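Trainee: just need the structure, nothing else, for what follows:
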Amino acid sequence: MFGIEKYGNETAIYLLFGSIIVSLILYLSFQWKRKKTLEFAHIESAKKIFEAVSIKKRVFKSILIILSFIFLVIALMRPQGLPDQEKKDVNKKNKIEVVKKIDEDKSKNNQDRKVRMRESARDIIFLLDVSASMGAEDLTPNRLEKAKDFIVDIVEVLKGEHVGLVVFTSVPSVKCVLTLDYTYFKEVLRSVEINDNDYAGTKFKPALNEIINKQFDFSDNKYKELILITDGGDTELESLSGIEKDEFAKKIYDLCEKGFKENQIRIHTLGIGTKSGSILQGIKDFDGKRVKSSLNETFLQRISQVAKGVYIPIADGDIDLKKVYTNEIAKNSESDEERIKEVLISQNKLNNYVQKQKESEERKVFYRELYYIPLMISLLLLSLEFYISDKKRIKRK
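Mentor: All right, here's what the predicted structure looks like:
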């Protein structure tokens, strides 16, 4: 309808249930007026009043009010459409500089060639929570899918940084070691699901230990960034209380602080979810009660604080992670430090890689905001209802 292809605020759809309440209010209002007329007016006078009112017109006016409400909700959902596909030149810093032209000597297409790749002196590992709580729907469509979108947003502004992906529940699982192949990284990311490694629960300590003590050992780059994306719920931590809980949390903080002091690993936390939380579908505790998951903001803030990173709360899903990465995470004065690296790569793989980069650039789609269309319709229907009289037409002889 009207070229709408997506919505910027899909959660507003639940307001459509309000149309039932509006209908009920209109019906009760009609009954209340009828009752009061019968109470205070003479029988003959009441009869004349009822005969002067057109039931059809009154019903029609009620339908206009309900439709006006529905279109107002659609406007609040921020419909978007009329996509513009922008083809942008790939930044030279992101392109592979081939020493010899691809078309040169076609008979040697299958042989390995030396290519020069521009690298940034920065490594980024995304540590993604894939526990059951990430299936909560307080972000649309759920926390995990929204987290994956945010990771892609960050990757799209990178300029030669190495990226890696580790997912975790109660145990960590390395999905992608540090690489410059952003296309492959995105493919791996898209395949990630809830409880991806078949282990239930959420434990931060094993996952943080895996990255701090192992994954960054493969690199000698100057800048090391760990971006932790989670709702902050730790199964083991939540099972404790009092001094035991504080001591356990301190061990996690000490591990993060050690990672920064010894290996210069900054840890940034993205708090996925809302403070009010959301009921997890199909999950119950030992007492048979439904489980509610909320954002543990204090825990994530402390992790970033001790590891000299930044905490980024994501509650409404509208935050611009591209700007956050550029202005907060990659704000080091020497962050543009780069180097050229020569690697052997087959010609076919090189061609595929360049083609994927080209297709990725061509697929960038920008949608226009169309909320004003249903908003105008809503106001038009409301105005129409105001000017329509519910009195019967008097037929002149």
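Trainee: what's near enough to touch Tyr311?
Mentor: By CB atoms under 8 Å, 6 or more residues apart in numbering, the contact list for Tyr311 reads 268-269, 271, 297, 300-301, 304-305. Bear in mind the C-beta positions are built from the backbone N, C-alpha and C, glycine included.
Trainee: go again with 7 Å.
Mentor: Residues in contact with Tyr311 (CB atoms under 7 Å, 6 or more residues apart in numbering) are 269, 271, 300-301, 304.
Trainee: relative to Glu257, how far out is it?
Mentor: To Glu257, Tyr311 is 15 Å away according to CB to CB, to the nearest Å.
Trainee: show me where the stretch 251-397 of the chain has helices.
Mentor: Here the stretch 251-397 of the chain has its helices, by DSSP state H, counting those that start in this stretch, at 297-306, 321-324, 347-362, 372-387.
Trainee: please read the previous query as pertaining to the stretch 101-250 of the chain.
Mentor: 143-155, 182-190, 204-213, 235-238, 242-263.
Trainee: what's the most distant pair in the contacts of Tyr311?
Mentor: Distance extremes for the contacts of Tyr311: the farthest pair is Gly271 and Ser304 at 9.7 Å, using CB to CB.
Trainee: these two: which is more packed in?
Mentor: Shown here are Gly271 and Ser304; by other CB atoms under 10 Å, Gly271 has more neighbours (23 against 20).
Trainee: out of the helices of the stretch 101-250 of the chain, flag the one nearest Trp32.
Mentor: Closest approach to Trp32 among the helices of the stretch 101-250 of the chain is made by helix 143-155 (45.1 Å; CB to CB).
Trainee: and the angle from the closest one to helix 182-190?
Mentor: Using axes from the mean of the first three to the mean of the last three CA atoms, to 10 degrees, the inter-axis angle of helix 143-155 relative to helix 182-190 is 170 degrees.
Trainee: using CSV, write out every CA atom in helix 143-155.
Mentor: The C-alpha trace of helix 143-155 is given here as CSV (Å, rounded to 0.1, in the frame of the first residue of the first chain):
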residue,chain,number,x,y,z
ARG,A,143,17.2,-8.9,20.5
LEU,A,144,19.5,-11.2,18.5
GLU,A,145,18.3,-10.1,15.0
LYS,A,146,18.6,-6.5,16.1
ALA,A,147,22.1,-7.1,17.4
LYS,A,148,23.1,-8.7,14.1
ASP,A,149,21.9,-5.6,12.2
PHE,A,150,24.0,-3.4,14.5
ILE,A,151,27.1,-5.5,13.9
VAL,A,152,26.6,-5.2,10.1
ASP,A,153,26.2,-1.4,10.5
ILE,A,154,29.6,-1.2,12.2
VAL,A,155,31.3,-3.5,9.6
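Trainee: quick check: Arg190 vs Lys175, distance?
Mentor: Arg190 is 11 Å from Lys175, where distance means CB to CB.
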